[in-house]
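> Give me the fold of what follows.
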Amino acid sequence: MKGVMTATCVALALMLVLTATSGEVAAIPLRASNSSVGLAPPHVEDVLKHLRKLEKIAMLPESHGSRSVVNGYNASAEYVFEQLTTGAAGKFFDVTRHPFLVPIYEEVERPLLELISADPAVHLAVCPQRTGWQHYAEACDYSGIRYGGDGEHDIEAEVVLVPPEMSCGDGPRRFPRGQIALISTGGGCDYYEKALNAERAGAAAVLLYSAAGVVGLPGGRVFRSEWKEGDELVRVPVVGLTNALGDLLQNGRLGRRVRLRTSSRLTVEHTYNIIADTRAGDADSVVMIGSHLDSVPEGPGINDNGSGSACTLAIALAMARQGIAPRNAVRFGWWGAEEVGLVGSRAYVDELLEDKAAYAKLKLYLNFDMEASPNYVRMVHQGSDAPEPARRGSVALQRLFEQHFRGAKLDYALTSMTGGSDFLPFILANIPASGLATGASGIKNADERAEHGGLANVQNDPCYHAPCDTVENLAVDCLGEMAAAAAGVLAVVMNKPEVASLMGRGDENVIASDDAIKSARGELWTVRRASQSCNAVEDDF
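Sure, this is the predicted structure:
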């Protein structure tokens, strides 16, 4: 799960998009119910049982304290698979492993950068590589950037400036082969395009420095989240610099000859999602609920996102145990490699887009990511963020969650749905979506404290993407409330006979084209860029 924007920031940003679209979103006649329409929500202890198991998996020697793709993820997926294929669930679901490929990056050692032409010598400070929303108190001059480089490199060479306008598009021309490219993060393209262009031009390494006015080091990845099998990866080292250091190298005040030593590993791994379909219900009208099951390599990920995955699993098993016969078929998904850039859910949606019949059957998607943050705010994803034509149904789903919380007399806030979790591939493909979260690295303000309790001026989850994200990190009361909300809204949509038309997903619905998806991404990016003054924008878009 990535950081989220508060409702205030989103409201300001949405003015740009809503004024450019036709009309307001009409109200949708759906009703939530706290009785779950025949589906009794799982008890919180049922959810905790799965979370304890996921923590045990992360603590196995071979998992290295993590449930990331090359650590404990596959064992986590097999646990979910086993739960869904035994007992009552074994007769209730058809369960499959959905395979896909994912690039995996590991920084073996922190990089070393020396200004060997400086006289007197200048010491440069290296920071740990950023893996999420970390901010370092100490002063740093440089750090590695994820997915920038493969193997052992020890390079002594001149630094050559590539102007921003030449780093995009066709890239630099006549670059001196074997030298190190110095490139600003500013300009009209992402890190991946800049670094790949430099590599193709013959650069031995890339130094990406923060654009003017940007404080600190570049974050993010030298990698596009929409990566698919066959796409290139950047193999030369890529290191991020502060603007100050980049300016020094650009102007040659300390010379331009440097030594750069890096050690990293970049591989492409086989892994899989878990997909479970109810055998009951209209197979031509499918509603879907999902959560990512992986963690970052830096921790066990029990809140992010064991909490969402365990809620989803507990709801699935409750349906099987209670023998629920839904009107619409229900599909459950546990995604892999979300923390790499939504790779598992993107792979699933990409395959769906290749199958017109299967695509038309899926009417909506509900996403649950981080449902028990210790300093929580109950958050509902704002459906009006979704691009057309997914907006109408997404707003309807948002309102169902709002109705549930109002009926339960629980405070909630709206949060953005412009990126950062697995709803994104669905709304980009014209499939309505919404879901719940309780906060990641965002700081709780005084108003939120008054409504939700907890501590003002403290992160929603101080253990976000950290080794301390264990069962002890969870707000158990909130976990139970969010599981009940998820079950309640699922119960409504799985029993609605007219859910397809209400979602704008009738038989006439056509598959989203590549151009339509690009347009939708641009629309969402407008919202996110407009919100940067309120919250940092995560790179996983």
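> use CA for all of it now, contacts and neighbours both
Will do.
> Find the residue ranges of this protein scoring beneath the pLDDT cut-off.
1-37, 130-138, 506-541 (pLDDT under 70).
> list the contacts for residue 277?
Residues in contact with residue 277 (C-alpha atoms under 8 Å, 6 or more residues apart in numbering) are 93-95, 329-332.
> Same check on residue 275?
Counted by C-alpha under 8 Å, 6+ apart, residue 275 has contacts 95-98, 331-334.
> now with 10 Å?
Counting by C-alpha atoms under 10 Å, 6 or more residues apart in numbering, residue 275 touches 80-81, 84, 93-98, 288, 290, 331-335, 348.
> Quick check: closest non-adjacent residue to it.
residue 333 (4.7 Å; C-alpha to C-alpha, 6 or more residues apart in numbering).
> Please identify which helix or strand holds the one you found.
Assigned by DSSP states H and E, residue 333 belongs to strand 328-335.
> the inter-axis angle of the helix or strand just after that strand versus strand 328-335?
Downstream of strand 328-335, the next assigned helix or strand under DSSP H and E is helix 343-353. Helix 343-353 and strand 328-335 are oriented at 140 degrees to each other (axes from the mean of the first three to the mean of the last three C-alpha atoms, to 10 degrees).
> Show me what counts as buried in helix 343-353.
Judged by neighbour count using 16 or more other C-alpha atoms under 10 Å, the buried positions of helix 343-353 are 343-350, 352-353.
> that older thread, can you list the strands that the strand holding residue 333 pairs with?
strand 257-278 (antiparallel), strand 282-292 (parallel) (DSSP bridges).
> Dump the longest one to CSV, restricted to CA.
Taking only C-alpha atoms (Å, rounded to 0.1, in the frame of the first residue of the first chain), the coordinates of strand 257-278 have been written out as CSV:
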residue,chain,number,x,y,z
ARG,A,257,36.0,12.9,-12.6
VAL,A,258,34.4,10.4,-10.1
ARG,A,259,34.6,6.9,-8.9
LEU,A,260,31.3,4.9,-8.6
ARG,A,261,31.1,1.5,-7.0
THR,A,262,27.8,-0.4,-6.8
SER,A,263,26.6,-3.9,-6.1
SER,A,264,23.0,-4.9,-6.9
ARG,A,265,21.0,-7.8,-8.2
LEU,A,266,18.2,-7.6,-10.8
THR,A,267,16.3,-10.7,-11.7
VAL,A,268,13.0,-11.7,-13.3
GLU,A,269,11.1,-14.1,-11.1
HIS,A,270,8.1,-16.4,-11.6
THR,A,271,5.3,-15.9,-9.1
TYR,A,272,1.5,-15.9,-9.0
ASN,A,273,-1.8,-14.5,-7.7
ILE,A,274,-4.5,-16.6,-6.1
ILE,A,275,-8.0,-16.4,-7.6
ALA,A,276,-11.1,-18.0,-6.1
ASP,A,277,-14.5,-18.1,-7.8
THR,A,278,-17.7,-19.1,-6.1
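> who does the longest helix along the chain touch, helix- and strand-wise?
In the chain, assigned by DSSP state H, the helix with the most residues is helix 476-494. Judged by 3 or more C-alpha pairs under 10 Å, 6 or more residues apart in numbering; DSSP states H and E, the packing partners of helix 476-494 are helix 44-58, strand 282-292, helix 308-322, strand 328-335, strand 362-368, helix 391-407, strand 433-437, helix 499-502.
> Quick check: what element follows the longest one along the chain?
Proceeding N to C from helix 391-407, the next assigned helix or strand is strand 413-415, under DSSP H and E.
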